[in-house]
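Enquirer: okay, sequence plus prediction incoming.
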Amino acid sequence: MARSRHETATGRSTVATTSRRFGSIRRLPSGRYQVRYIGPDRQSHKAPVTFSTKGDAETFLATVRADIARSTWQPPTRQPDRVPTLAEYADEWLSSRSRELKPRTTALYRGLLDGHLHPTLGSKRLDEISPATVRAWHSRLDTGPTRRAHAYSLLRTILNTAVADDVIPANPCRLRGAGQSRRVKDIRPATLSELDELAEAMPERLRLIVALAAWCGCNSGSWWSCAARTSTPGRACCVLAAPSPGSTASQ
């Protein structure tokens, strides 16, 4: 049994295909499984439906192979695929990724779906969602800029998967910059005198954190690590690891 992965231009894998002596099973980006096989007519056939588990797909292939062996096989009648609604597809999309996502991310996506996507778009079939539909939905989102950007990005990601699954021909999410949140107000950095006052107001063992935060651009974990090291009796220096290749450590 051979396995291969199809990759996009960016090098990220989109589907996994398992080749077998009879037929093939392909795991779609949505997490469902698609079956293809060559019939006695020497034509390639695709199962009329996709399957939620690989075991179901293998059972279908075994049934088809048995029908061919008994000479009872009939060419499948192609039925128009039922296009799922956004709620149906998105819920399955999230469920198929529950093991890959952190619980906090899963909760965020669930909240975005229930709070912002499903109420307006959930009942629409995926092929009914047009760029105009997305634009109208986005303009009426009653939430802050960050959550609005997250909701749009999630919708775009889900519909990208639907395109890869051949459910829809193109992604209707085409609003430039809609997936990015803009800062609502400008942040004024503290003056030197304000930094001095802040450092003086801190306990002595934590004063170094003020300087690190102001001048070194360190993350909070580095601040606390350094504060712990310098507060240890007999320790007078702290080394901060370089945050990225090519950077130098601060001492």
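Expert: On my side now, so go ahead.
Enquirer: domain map for the chain?
Expert: Domain assignment of the chain by automatic domain parsing yields the ranges 2-69, 86-164, 192-244+247-251.
Enquirer: mind putting the ones you listed into TSV with distance to Cys173, mean neighbour count and mean pLDDT?
Expert: Yep, even glycine has a C-beta here, placed from its N, CA and C like the rest. Converted to TSV, the domains of the chain look like this (distance: least, Cβ to Cβ, whole Å; neighbours: other Cβ atoms under 10 Å; pLDDT from 0 to 100):
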stretch	distance to Cys173	mean neighbour count	mean pLDDT
domain 2-69	16	14	76
domain 86-164	4	16	93
domain 192-244+247-251	32	13	66
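Enquirer: format those as CSV; extra columns: distance to Leu175.
Expert: Listed next are the domains of the chain as CSV, based on distance: least, Cβ to Cβ, whole Å:
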stretch, distance to Leu175
domain 2-69, 21
domain 86-164, 6
domain 192-244+247-251, 32
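Enquirer: can you check the pLDDT for Arg183?
Expert: Confidence at Arg183, expressed as pLDDT, is 59.
Enquirer: where along the stretch 151-251 of the chain do the helices fall?
Expert: 192-201, 207-215, 220-230 (DSSP state H, counting those that start in this stretch).
Enquirer: quick one, strands of the stretch 101-250 of the chain?
Expert: Read by DSSP state E, counting those that start in this stretch, the stretch 101-250 of the chain holds no strands at all.
Enquirer: secondary structure class for the closest residue to Ser96 other than its chain neighbours?
Expert: Distances taken as Cβ to Cβ, 6 or more residues apart in numbering put Gly31 closest to Ser96, at 2.7 Å, once the chain neighbours are dropped. In terms of secondary structure, Gly31 is coil; the call rests on DSSP: H, G, I helix; E, B strand; the rest coil.
Enquirer: tell me if I'm right that Gly31 and Arg97 touch.
Expert: Yes: taking contacts as Cβ atoms under 8 Å, Gly31 lies within contact range of Arg97: 7.2 Å.
Enquirer: quick one: the nearest residue to Gln180 once chain neighbours are set aside and Pro131, what's the gap?
Expert: Leaving aside its sequence neighbours, Gln180 sits nearest to Ala149 (Cβ to Cβ, 6+ apart; 5.7 Å). With distances taken as Cβ to Cβ, to the nearest Å, Ala149 is found 18 Å from Pro131.
Enquirer: doesn't Ile25 lie inside a strand?
Expert: Yes: counting by three-state DSSP, Ile25 is located in a strand.
Enquirer: my read is that it contacts Tyr37, right?
Expert: No: using Cβ under 8 Å, Ile25 is not in contact with Tyr37, being 9.7 Å away.
Enquirer: shared neighbours, these two?
Expert: Residues touching both Ile25 and Tyr37 by Cβ atoms under 8 Å, 6 or more residues apart in numbering: Leu61.
Enquirer: now Leu113. Nearest residue, chain neighbours left out?
Expert: Ala90 (5.6 Å).
Enquirer: try Leu117
Expert: Distances taken as Cβ to Cβ, 6+ apart place Leu155 nearest to Leu117, at 5.9 Å, with adjacent residues excluded.
Enquirer: please name the residues that touch the one you found.
Expert: Leu155 makes contacts with 117, 121, 134, 173, as judged by Cβ under 8 Å, 6+ apart.
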